[in-house]
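[1] next comes the sequence, and after it the predicted model I'd like to discuss.
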Amino acid sequence: MARRLDDTYRAQATLTRRLVDAIVPILVPFIGSTAPAKALAQLLFPEVVKSRRLHQALAVDDYRKLRRDAGITGEPPAASIRDYTPDALVTVIEDVRADEDPVTQEHVEQIIGRADQHARNAHRNQTRASTFADNQAIGWARVDPEPPTCPLCRLTISRGPVYKTAETAQEKDIFHPGCTCIVVPAFKGQRTSYPGSEHAAAELERYKTLTKGLSGKAAMRAYTRGVRELNGEVKPRTSAPPDGEQRAAQVRAQAENNRKAVEARIRTLEGMNPKSASAKAYVAKQLEVDRKKLAELDA
């Protein structure tokens, strides 16, 4: 069943590349302009909706297969999610561009990330809705097949399949741009054995270790700090300065995290097939920058 999650992750990565390939040529020509958020949203909306439909169809298929893997016969009950509207994209663009400042390259990258988040949320919301409608499901859990994972993601992963109520089925979004977390259903008899449950067990143990003897805000500060250290985002706190071997290990861990991020961007860019001259120039420039960074990391 771990292979099921790997297959889902690869399928979603492919859909992300397709979406990026579709919307980069739309956004790049607007760099330097003050085009209204509503106008940009109307141009992006059809591509985001197309990606959402593919993610939703993938979720329906995934749910059916995971349900069958759990030994449950018959078809799952039908479940639907709320309609997606252009207003969601208008809000994204307005958040990214303060006071309709001229569009920048950074704005383009942020809008792409948020658009992909909205597309992936169709898979998450469909799985949550299916779980809520199914009396054979005990809840849904969060799993991330591509660490390092942020503190919020790790914390919600550690809780396991505790989400199922009407409120949590359509709760305020708890996923962020760039998040690769997948929502996984857990069926009767799978509370500790659903696909990806090993992630929850590991994260719960991590939480207990990092917050031992603490509570409330102090526990959350210690936990957040510990996860950021694990991800190489901050230097570990030690009672004594790290020796040469420890320092070298910290440097290697940080370099590896940086390398993974750069390599992921390069793979995405290389998978794109831009049509317009401006989009081709954008991709070529980004590839040049990231390849240079990768060479520096390997030096």
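    Now that the structure is in, tell me what you want to look at.

[2] what about Ala41, distance to Gln56?
    For Ala41, the distance to Gln56 equals 20 Å [Cβ to Cβ, to the nearest Å]. Where you see a C-beta, it was placed from the backbone N, CA and C, and this is true even at glycine.

[3] can you list the buried residues in the helix or strand where Gln126 lies?
    Element membership for Gln126, per DSSP states H and E: helix 105-133. In terms of neighbour count (16 or more other Cβ atoms under 10 Å), helix 105-133 has its buried residues at 107-132.

[4] what of stretch 72-86?
    Quick answer for stretch 72-86 (16+ other Cβ under 10 Å): 72, 76, 79, 81, 84, 86.

[5] return the residues in contact with the first one.
    Applying Cβ atoms under 8 Å, 6 or more residues apart in numbering, one finds that Ile72 lies in contact with 136, 187.

[6] so where is the stretch 1-150 of the chain shaky, pLDDT-wise?
    Across the stretch 1-150 of the chain, the ranges flagged by pLDDT under 70 are 1-3, 147-148.

[7] strands of that one, residue ranges please.
    Shown for the stretch 1-150 of the chain, the strands assigned by DSSP state E, counting those that start in this stretch span residues 137-143.

[8] which residues in it form helices?
    Remark: helices assigned in the stretch 1-150 of the chain by DSSP state H, counting those that start in this stretch are 2-27, 37-69, 86-96, 105-133.

[9] redo these as a markdown table? Include distance to Ser215.
    A markdown table is the format used below for those (distance: least, Cβ to Cβ, whole Å):
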| stretch | distance to Ser215 |
| --- | --- |
| helix 2-27 | 33 |
| helix 37-69 | 36 |
| helix 86-96 | 34 |
| helix 105-133 | 30 |
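
[10] nearest to Ile182, of those helices?
    Nearest of the helices of the stretch 1-150 of the chain to Ile182, taken as Cβ to Cβ: helix 2-27 at 5.8 Å.

[11] which other helices and strands does the closest one contact?
    helix 37-69, helix 105-133, strand 182-187, helix 244-270, helix 277-298 (3 or more Cβ pairs under 8 Å, 6 or more residues apart in numbering; DSSP states H and E).

[12] pick the most buried one from the ones you listed.
    Compared across the helices and strands packed on helix 2-27, strand 182-187 shows the largest average neighbour count, a mean of 25 (mean count of other Cβ atoms under 10 Å).

[13] in its sheet, what does it sit against?
    Using DSSP bridges, strand 182-187 pairs in its sheet with strand 137-143 (antiparallel).

[14] run through who's touching the helix or strand that the strand it pairs with is followed by.
    Counting by DSSP H and E, the next helix or strand C-terminal to strand 137-143 is helix 151-158. The contact list for helix 151-158, computed with Cβ under 8 Å, 6+ apart, reads 141-144, 149, 174, 176, 179, 181, 199-200, 203-204, 206-207, 223-224, 227-228.

[15] residues contacting the residue nearest to Gln105 when sequence neighbours are not counted?
    Distances taken as Cβ to Cβ, 6 or more residues apart in numbering place Ile31 nearest to Gln105, at 6.2 Å, with adjacent residues excluded. With contact set as Cβ under 8 Å, 6+ apart, Ile31 has these partners: 102-105, 108.

[16] repeat for Asp95
    Under the criterion of Cβ under 8 Å, 6+ apart, the neighbours of Asp95 are Arg114.

[17] use 9 as the first number for this chain going forward.
    Right, with 9 as the first residue, what we last looked at is Asp103.

[18] quick check: the gap between it and Ala21.
    Remark: distance between Asp103 and Ala21 (Cβ to Cβ) = 25 Å.

[19] what's the answer for Arg12, then?
    Counting by Cβ to Cβ - Arg12 and Ala21 are separated by 15 Å.

[20] same question, Arg275
    With distances taken as Cβ to Cβ, Arg275 is found 8 Å from Ala21.

[21] go on, Ala86?
    As for Ala86, its distance to Ala21 is 28 Å (criterion: Cβ to Cβ).

[22] using JSON lines, lay out the helices and strands packed on helix 10-35 together with distance to Lys243.
    Output for these, formatted as JSON lines (distance: least, Cβ to Cβ, whole Å):
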{"stretch": "helix 45-77", "distance to Lys243": "38"}
{"stretch": "helix 113-141", "distance to Lys243": "27"}
{"stretch": "strand 190-195", "distance to Lys243": "31"}
{"stretch": "helix 252-278", "distance to Lys243": "7"}
{"stretch": "helix 285-306", "distance to Lys243": "18"}
